[in-house]
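# how would this look folded up:
(chains A and B)
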There are 2 protein chains.
Amino acid sequence: MQLLKDRIIKDGEVIGTEIIKVDSFLNHQIDLALVSEIGKELARRYEGAGINKILTIESSGIAIACAVAMYMNGIPVVFAKKAAPNTMTDGYYSVEVTSFTKRTVSSVMVSKKYLTKSDKLMIVDDFLAHGEAAVGLAKLAEKAGAEVCGIGVAVEKEFQGGGAKLRELGYRVESLAVIASMQDGHITFK
Amino acid sequence: MQLLKDRIIKDGEVIGTEIIKVDSFLNHQIDLALVSEIGKELARRYEGAGINKILTIESSGIAIACAVAMYMNGIPVVFAKKAAPNTMTDGYYSVEVTSFTKRTVSSVMVSKKYLTKSDKLMIVDDFLAHGEAAVGLAKLAEKAGAEVCGIGVAVEKEFQGGGAKLRELGYRVESLAVIASMQDGHITFK
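Model (predicted):
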């Protein structure tokens, strides 16, 4: 998606060879015009796939997930939670997920009420790096007996292997901007 | 907002006298049609107030904040973070916030880049209970020299005093469903 690639080049900030900051338009400050276009394009790619629910993870996946859902006739969005609030009193599915950017391992939970075997899911996130979050969400879906129709992300850092891992597991992955490498502040798209 | 009140009556789950779960449509699973109407109504109430940015806090404020911003010509949304990822390398403002539902005290941060003295803010959240999150966001705005034009929330639990506290501090507060009390599973709106 050229619009996103252009924006990454213009406003993304490369830190070392592994991190690209997109805080000014995607995951701290949100540019809704761009996020809406991202949602439209991810929805277009999965048109006809029979998806009836979007599954994402708090926090930075939520805006994109909502945009995708808007372009899929307003199907529900469910976001997995990283800590159980005291309002989460019913049963839930839980998996362990390692966060690359926060250097933490945390439990990720979804209430059993909102993930069921009748769900045909699209897993949505802002980034796909090592694939920990997406694999965790797919495991939650598996526990619930829900079907994962595909995974859609805005930015894939191909060199960190998450996309390859998910494709090897048999998942369809759509990424709107695939970064092959980053070096000396320079981004090379695939 | 009758649509929201009706939905709270229909799908909200009262736990004791203090907690109302709206997980099925607002803060775990998201009903985008409803969230869009919430955004439209909050934007309408602040029409002409000169707002140029929405400030919210991860995670459950994000969807509503995006909906409000969409109805305010796509102005930027900034969401304060509860933990600093290793991509947050620049300076940030930080305040301590107590979470009523999670029983935790955590630092809430916004990068100095995305909160400045030229910002005329609307603070948006899903719930207003004891007011901790909104007061924290207002303090972040104050640190940045940004102006808080008003606060907009979907659900205010009036009996927990956050709304009164904020109004005493001089803030305009708009709440679309104001709960006066909850008892024996029954909700009384103001």
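
# all contacts plus neighbour counts: C-alpha atoms, from now on.
Noted.

# ok, now which ones touch the nearest residue to A:G161 once chain neighbours are set aside?
The shortest distance from A:G161 to any non-neighbouring residue, by CA to CA, 6 or more residues apart in numbering or on different chains, is to A:H130 (5.5 Å). With contact set as CA atoms under 8 Å, 6 or more residues apart in numbering or on different chains, A:H130 has these partners: A:100, A:160-163.

# what about 10 Å?
A:H130 makes contacts with A:98-100, A:156-166, as judged by CA atoms under 10 Å, 6 or more residues apart in numbering or on different chains.

# Show me where chain A has its strands.
A:13-15, A:19-21, A:29-30, A:53-57, A:77-80, A:92-99, A:104-111, A:120-128, A:147-157, A:173-183, A:186-189 (DSSP state E).

# so which of those strands is the most packed in?
Ranked by mean neighbour count, those are led by strand A:77-80 with a mean of 30 (mean count of other CA atoms under 10 Å in any protein chain shown).

# Any residue of that one touching chain B?
Yes. Judged by CA under 10 Å from any CA of the partner chain, strand A:77-80 comes into contact with chain B at A:77-80.

# Sitting in helices, which of the contacts of A:H130 do you find?
A:162-166 (DSSP state H).

# Bridging across strands, which residues link to the nearest residue to A:Q2 once chain neighbours are set aside?
Spatial nearest neighbour of A:Q2, chain neighbours left out: A:A177 (8.0 Å); criterion: CA to CA, 6+ apart. Taking DSSP bridges, one obtains A:V155 as the residues bridged to A:A177.

# Check the most centrally placed residue in chain A and give its pLDDT.
Among the residues of chain A, the one closest to the centroid is A:D125, at 1.3 Å (CA atoms, centre = their mean). pLDDT recorded at A:D125 is 98.

# With chain B as the reference, measure out to it.
Distance from A:D125 to chain B, counting by CA to the nearest CA, to the nearest Å: 14 Å.

# in the sheet, who's paired with that residue?
With DSSP bridges as the rule, A:D125 is bridged to A:V153.

# Now for it: which residues touch it?
Taking CA under 10 Å, 6+ apart, we find A:D125 in contact with A:55-65, A:133-134, A:151-156, A:175.

# and of the ones in helices among the contacts of A:H130, the nearest to chain B?
Using CA to the nearest CA, A:G162 is the member of the ones in helices among the contacts of A:H130 that lies nearest chain B, at 19.0 Å.

# From chain B, how far out is the residue nearest to A:G161?
Distance of A:H130 to chain B, computed by CA to the nearest CA: 16 Å.

# can you check A:E156 too?
A:E156 sits 16 Å away from chain B, taking CA to the nearest CA as the criterion.
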